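# I would like the atomic coordinates for the input below:
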Amino acid sequence: MDIMIRLRVKCWNTRELDGKGMNRAKVHIAAGLPLTWVATQKEDFQKYLLQNESVDFIFRNKEYHVEFAGADIYPQGFAAAFYRLQDFKGINMLADIGNGTMNIMYINNSRPLEKKCFTEKYGTHQCVLTVRESLLKELGTVVDDLVIEQVIRIGTSVPQRKAMKQ
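Got it, this is the predicted structure:
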């Protein structure tokens, strides 16, 4: 197991291993915590993630063995961007938008600015409510939340186009 695969806890699945034709790996976890928790819970969360040296599991009738080489804990959202920091030239804003909150971190020339990290109590749920209210006010029609969420995620929705024509 001389291959080290870095995985994001939030997004990890067996495709990472299958894509390399593997069912065994040594992984280093890059995980995220809400911004307000990082300072107080980082060490405990790291211990929790590394409480087992390895894990064996079966997924879709295939056996896997994963050993944990370590874990780094970052503010949510940052773990996903960590391996692409070199691409962040100039001043950038990284936003991790959840259902109820949005974590924002400034990155200046590939360096995160710890002092410019904050959480807004405005997530996708609040966005959906705002859009729904605006559509009701402007068009006089109620659009289903699932349609609004689809438009937010992919930019369009067949039912949304029909609703806009009414």
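
# Test my guess that A81 contacts L94.
Yes - counting by Cβ atoms under 8 Å, a contact exists between A81 and L94, whose distance comes to 5.6 Å. All C-beta atoms are positioned from the backbone trio N, CA, C, and that covers glycine.

# Now do the shared contacts for these two.
Both A81 and L94 are in contact with F88, I107, where contact means Cβ atoms under 8 Å, 6 or more residues apart in numbering.

# Contacts for the helix or strand hosting Q46, please.
Assessed by DSSP states H and E, Q46 sits inside helix 35-49. By Cβ under 8 Å, 6+ apart, the surrounding residues in contact with helix 35-49 are 9, 29, 31, 33, 68, 71-76, 103, 105, 117-119.

# helices or strands next to the following helix or strand past that helix in the packing?
Beyond helix 35-49 on the C-terminal side, the first helix or strand identified by DSSP H and E is strand 54-59. For strand 54-59, the packing partners by 3 or more Cβ pairs under 8 Å, 6 or more residues apart in numbering; DSSP states H and E come out as strand 62-75.

# What is the subsequent helix or strand relative to the helix or strand bottoming out on mean pLDDT in the chain?
The helix or strand of the chain with the lowest confidence, counting by mean pLDDT, DSSP states H and E, is strand 4-8 at a mean of 37. Using DSSP H and E, the helix or strand that follows strand 4-8 in sequence is helix 15-18.

# Lowest-confidence entry in the contacts of helix 35-49?
Taking pLDDT as the measure, the contacts of helix 35-49 have their low point at V9 (35).

# Quick check: pLDDT value at G32.
81.

# again, but for L85
With respect to pLDDT, L85 has a value of 82.

# now whichever strand or helix holds R153, how far from the centre of its chain.
Counting by DSSP H and E, the element that carries R153 is helix 145-154. Relative to the centre of its chain, helix 145-154 is centred 18 Å away, using Cα atoms, centre = their mean, to the nearest Å.
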